[in-house]
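1. Have a look; sequence and predicted model below, questions after that.
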Amino acid sequence: MTKRTAQSGPSSSIRLATGAAIAALLVMGAVLPAGAQEGGEAKSLAPEKAFYLGLRFLGSSLHVDETADDILFIEDDGGGVEFHAGYQFNKVFALELSLGGAGHDTSVPEIDARFGFIELLALYRFAPAHPFRPYIKGGLGGCGLRLESGDASATANGGLLVLGGGFDYFFTRHFSLGLDLTHNIIRYNEVEFRLGESAVSNEIDEEGAMTSLGLSFGFYF
């Protein structure tokens, strides 16, 4: 259906941003007060149980398996937004539901490419007594890659495996700012072609991936 630009891994912009994110994490970890783990004000910034809502701005790198058709390809680099809601059961474990998407240019200006996803994630947070909270995350979800021009569209749907990690910094008990890197391993299993009110679908078996760097804002209640 599509052909991506000739890259076998994350784009250069994602790699550069990832390096900057890792450097920022190491620097922030190094400058944490040595006594923060003992409690006091820092401990009060980490809510033990809380419902939270969040907004994440994404820089994405989408990878689609190459085909013999070189007329249309999707640009790797794109951007989008994600909304998430979750519950923190204790200071280290949380469950989160995420819904988001990203737009990507194609080699044909009249055709838009949009990637949408929904994910159920488990998060494990480290350093429970610190305002600086690194974490790892993983989960499962579903996704769709849609190519659209006028009233005609083609959508590849499938499932995904989510792996990633990052950190949140709690400025107060109710607000955090974070940075994360997420990699989605995708298996497309169906493609739907639609023209106006008519639609037809076929089974497929195609692999893909999306890597994203996100800047997130969290609100805890």
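-> Ah, there it is.

2. Report the buried residues of the strand ranked longest in the chain.
-> Counting residues, the longest strand found in the chain (DSSP state E) is strand 198-220. Neighbour-count burial for strand 198-220 flags 206, 208-216, 218, 220 (criterion: 16 or more other CB atoms under 10 Å). For every residue, glycine as well, the C-beta is placed using N, CA and C.

3. quick one: average pLDDT of it?
-> Strand 198-220 shows a mean pLDDT of 93.

4. so what strands line up beside that strand?
-> strand 50-64 (antiparallel), strand 175-195 (antiparallel) (DSSP bridges).

5. Return the most buried member of these.
-> strand 50-64 (a mean of 20; mean count of other CB atoms under 10 Å).

6. Pairing partners for the helix or strand following that one, with directions?
-> Using DSSP states H and E, the helix or strand that follows strand 50-64 in sequence is strand 73-88. Strand 73-88 has the following sheet partners, assigned by DSSP bridges: strand 3-4 (parallel), strand 50-64 (antiparallel), strand 93-106 (antiparallel).

7. okay, the ones you listed in CSV with mean pLDDT next?
-> Below are these laid out as CSV (pLDDT from 0 to 100):
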stretch, mean pLDDT
strand 3-4, 42
strand 50-64, 93
strand 93-106, 95
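
8. Could you save those strands as TSV and add columns showing distance to Ile186?
-> Output for the strands paired with strand 73-88, formatted as TSV (distance: least, CB to CB, whole Å):
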stretch	distance to Ile186
strand 3-4	13
strand 50-64	9
strand 93-106	13
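
9. For Thr155, find the nearest of those.
-> Taking CB to CB, strand 93-106 is the member of the strands paired with strand 73-88 nearest to Thr155, at 12.5 Å.

10. Pull out the buried positions in the closest one.
-> Buried, per 16+ other CB under 10 Å, within strand 93-106: 94, 96, 98, 100-102, 104, 106.

11. Throw the strands paired with strand 198-220 into a markdown table and include distance to Gly150, thanks.
-> Shown next, in a markdown table, are those (distance: least, CB to CB, whole Å):
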| stretch | distance to Gly150 |
| --- | --- |
| strand 50-64 | 22 |
| strand 175-195 | 9 |
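
12. And the buried residues of strand 93-106, which is closest to Leu161?
-> Ser98 (13.9 Å).

13. separation between that closest one and Gly196?
-> Computed as CB to CB, to the nearest Å, the Ser98 to Gly196 distance reads 32 Å.

14. which one among the buried residues of strand 198-220 gets closest to Phe73?
-> For the buried residues of strand 198-220, the closest approach to Phe73 (CB to CB) belongs to Gly208, at 13.2 Å.

15. show me the contacts for the nearest residue in space to Glu75 that is not next to it in sequence.
-> Closest residue to Glu75 apart from its sequence neighbours, by CB to CB, 6 or more residues apart in numbering: Asp105 at 4.4 Å. Residues near Asp105 by CB atoms under 8 Å, 6 or more residues apart in numbering: 74-75, 78, 113.
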